[in-house]
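compute the structure for the input listed below.
(2 chains)
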Amino acid sequence: MEYVKLINCMRCGMCLPHCPTYKETFLETASPRGRVALMRKIEEGELEASERLLEYLSLCLDCQACATACPCGVNAGEMVAEFKCERHEGRGLSVMEDLVLRKLLPHPDRLEAAVAPMRAYQRSGLQKIVRSLGILKMFPPAIGRMEGLLPELPARPLRRTIDEVTPAVGEERGRVGFFLGCVMSLVFSEASYATVQLLSALGYTVVTPKAQKCCGAPNMLAGDREGLLEAARFNVDLFAGHDLDFIVTDCGGCGAELKKYGHHLAGDEAAAAFGNRVRDISQVLSLHGDELREKLTPLPLTVTYHDPCHIAHCQGIRQEPRSLLKLVPGLDCRELAEADACCGSAGTYNIEKPEMSDRVLSRKIATIKATGAEVLVTSNPGCLLQLKKALAEETPPVRVMHLTEVLHRSLSPR
Amino acid sequence: MEPSFIKELSGIVGTDQTLIDTESLACYGYDSTPEHESRPGAVVLPGSEEEICRILALCHGAGVPVTPRGSGTNLSGGSLGRPEGVVIQTSRLNRIVEIDEENLTATVQPGVITSTLHKAVEAQGLFYPPDPGSMNISTIGGNVAENAGGLRGLKYGVTADYVMGLRTALPDGSLLRSGGKVVKDVAGYNLNQLLVSSEGTLGLFTEVTVKLIPRPPVKKTMLVHFPQLEDAALAVSRIIAARVIPATLEFMDRVTIRCIEEYAKVGLPLDVDAVLLIEVDGHPAQVEEEAAAVRAVCEKHRCSFFQTAATADEALKLATARRVALSSLARMKPTTILEDATVPRSCIAPMVKLIQETARKYDLTIGTFGHAGDGNLHPTCLTDERDTDEIARAHQAFAEIFEAAIAMGGTITGEHGVGLAKKKYLPRLVGESGLRVMRGIKGAFDPKGILNPGKVF
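All right, here's what the predicted structure looks like:
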């Protein structure tokens, strides 16, 4: 950790009202400036990296709302992630981490095969039986939470069903690469299908290289920088040969990571070029607002938009999704209070820190309910998983849709 | 601290609201004041007035110092505890008890965030004017204890002008009620005003009743460039001489303008000495008239550019320059020393000039911005705490700046408070008799001296 980054924090407290965990606890140790202070004390030799201290740091959701709020440009969230990464480096990976980060995530075929039993489990009706019998209570709570979060999986991941090249409808305006992402392709293949269709309808030829690997964000979080760099190099090379205007993703987390490839592989021109070309789907669609408006048909729904942290805070994208929703005729868009506050999903946080995750989630659910919207729109798989589960349990239930699903439905009504 | 004492303490608030681990205490060793650090012996987060009184009674009995703390946005070290003492954080007491539309008052618990109160009263067409720079996180209790100011001070005054009633827990755990909802009250000494700006040395507020006013229906925002510093300063006093009291009359100097442009690129000119941000508010006809008067004065005093916002969005854009002033300065160097020198507004020009000359003399970068209408300036030194020589020069420079402020009939702090940071300048400002009276008051409230010891005096 660069020391100057730590002393840049002037402890003004502007981050506090934006930090989900501070808002829940009012504790300095659960605040961005407190986390920076703790890391600084370690660096200065005043504190040891004790178990308790690491526990305090691990309460950070890495939503980076603090970075948006900070007058001095301190990104406490990213610094905590970097700190954890540095600490993990050289320690080697646990068997489980090695399995997931090295043996599964970089190999989409294996990953898909691994998820297959889950799909079979859901389809066979076994899930219903397991849930009704409460068998999950016998397993560690994390397993139960994981099982509970997963919505019904699509028959086949998008990577399996999509063509490598989806031609533009009408005259070709440009060529874009599509970055699938793991969870989007595996769980939310319909939304990603909608993404590709929207791009194609607007005249883009969409290239989806099937060999693509995970963006590497999970490796970074586990301190596996090597794994991250390997994934980055592979993806940069894979997309390099296709003469693309943009590399598009509909996953906020992937977008935030892919945009940093130039930084990760410093000095590598191809990586910098790759990073500069990455766009969130909302950024590309926003370029063609007028055209899209003409194509969209009425959709009489009341919706509200939740800003995923990786879209709003990490990529600074706020206006585009809202403007796109306003293009849809008949759509009643209501602004969500604290729309860019974290939903508590935060990667695997909701499994590792269920209590805090639930508290952060409750606040989110309350604001969503207050809008009276029938549909919650967002654009990140973590948020989709977390909010789908929670909002299905509300009365009346609130539906959750990816931004591109809403737009696609308006583009080609069923 | 004694384990038996900690046990009693946690018996009152619960173990989960009693912090004694090294890591937690390290995070309460600071507030927003640069260069000041002091780790408390314990931190508690009470959940009720009763708990506050019981904690105070316990500490009083044991002779343990107590320091009140809200969100820790204090800029004079006032919310830092003592190694042998307890810090009481009031954040959990965050309920708006009542908004009384008939009496135009709001009653809140001390931990209510200032901007939360703003939103709640504005939703009912009412207005609570004090708006300190930290209002999105500062607490009302802290605002009262420090008599917080803000951008609207010129027309609407500061926190003291809005405090009507207080419930205050005294050091021995007893409860003092002062003021209330009555507009007129001359029964005895004005304890309310005494407690406002007492910096946590006399008591701990458990409930605050503030005055509300009707929300001004419209406002107009203007941004004015001045090639010459003197002209800008003259315009400030002439606007007021023209019988116009703007809600906001903010100033930024050349260094600040350059930093803002470098960081935020809001389109400020790099060849002017000063920029003023002016807002007038009230009824539409009056606002039109006042805006025209402001424009006439500025043009007479050779402004090079005068921009009026036509829409709310534009107003926001114009105000951006002032809003990002501190951020822009803070991003230039690792350590930002934000000061609070205040002079009569007729002395703005000589004061800014003196600050600039002092900065040159000590080879420092100091940007000055602030509430020109109140004469309340924030000379902000951009430095690096690792450069001990530069830090020493900064302190010398500020000593000279404060000395000059006092000589001009000004004060050492307009809104940040004395706390630890300004202690050494207070005797020079209030004199022996001033100190004697203040110490006497302190003794009357807190004979054992357990409340926020070491602050102010």
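
please name the nearest non-neighbouring residue to residue A:312.
Excluding its sequence neighbours, the residue lying closest to residue A:312 (C-beta to C-beta, 6 or more residues apart in numbering or on different chains) is residue A:340, at 4.3 Å. From N, CA and C alone the C-beta is placed, and that goes for glycine too.

surely the one you found is in a strand?
No: according to DSSP: H, G, I helix; E, B strand; the rest coil, residue A:340 belongs to no strand; its state is coil.

so it makes contact with residue A:316?
No: look at residue A:340 against residue A:316 with C-beta atoms under 8 Å: they stay out of range, at 10.7 Å.

can you tell me the SS state at the residue of the stretch 51-200 of chain A found nearest chain B?
Of all residues in the stretch 51-200 of chain A, residue A:71 sits closest to chain B, at 3.5 Å by C-beta to the nearest C-beta. With three-state DSSP as the basis, residue A:71 sits in coil.

ok, the strand or helix carrying residue A:365 near chain B or not?
Using DSSP states H and E, residue A:365 maps to helix A:354-371. No: figure legend: helix A:354-371 not in contact with chain B (C-beta under 8 Å from any C-beta of the partner chain); closest approach 12.4 Å.

what's the burial count for residue A:364?
For residue A:364, the neighbour count with other C-beta atoms under 10 Å in any protein chain shown is 26.

and it, what is it in contact with?
By C-beta atoms under 8 Å, 6 or more residues apart in numbering or on different chains, the contact list for residue A:364 reads A:306, A:338, A:341, A:342, A:343, A:344, A:387.

which among those residues gets closest to chain B?
When the contacts of residue A:364 are compared against chain B (criterion: C-beta to the nearest C-beta), the nearest one is residue A:338, at 12.1 Å.

check contacts around residue A:40.
A:6, A:7, A:9.

and it, what helix or strand is that in?
helix A:32-43.

average pLDDT for that helix?
Mean per-residue pLDDT for helix A:32-43: 97.

after it, next one along is what?
Assignment by DSSP H and E places the next element after helix A:32-43 at helix A:51-57.

returning to that earlier point: count of neighbours near the closest residue in space to the residue of the stretch 51-200 of chain A closest to chain B that isn't next to it in sequence?
Distances taken as C-beta to C-beta, 6+ apart put residue B:327 closest to residue A:71, at 3.5 Å, once the chain neighbours are dropped. Counted with other C-beta under 10 Å, residues neighbouring residue B:327 total 19.

so which strand or helix has residue B:327?
Here residue B:327 is assigned to helix B:325-330, by DSSP H and E.

what does residue B:6 give?
Per DSSP H and E: helix B:3-13 holds residue B:6.

so what touches that helix?
B:17-18, B:20, B:42, B:44-47, B:51, B:54-55, B:58, B:62, B:64, B:86.

just the buried residues of these.
Buried residues within these, counting neighbours by 16 or more other C-beta atoms under 10 Å in any protein chain shown: B:17-18, B:20, B:42, B:44-46, B:51, B:54-55, B:58, B:64, B:86.

can you list contacts of the strand or helix carrying residue A:183?
Using DSSP H and E, residue A:183 falls within helix A:182-186. With contacts defined as C-beta under 8 Å, 6+ apart, helix A:182-186 is touched by A:105, A:108, A:111-112, A:115, A:153, A:157-159, A:191-192, A:214, A:250-251, A:254, A:381-382, A:385.

and the contacts of helix B:3-13, which two are furthest apart?
Largest separation among the contacts of helix B:3-13 by C-beta to C-beta: B:47 and B:62, giving 21.6 Å.

ok so, going back, check the gap between the residue nearest to residue A:71 and residue A:34 for me.
To residue A:34, residue B:327 is 21 Å away according to C-beta to C-beta, to the nearest Å.
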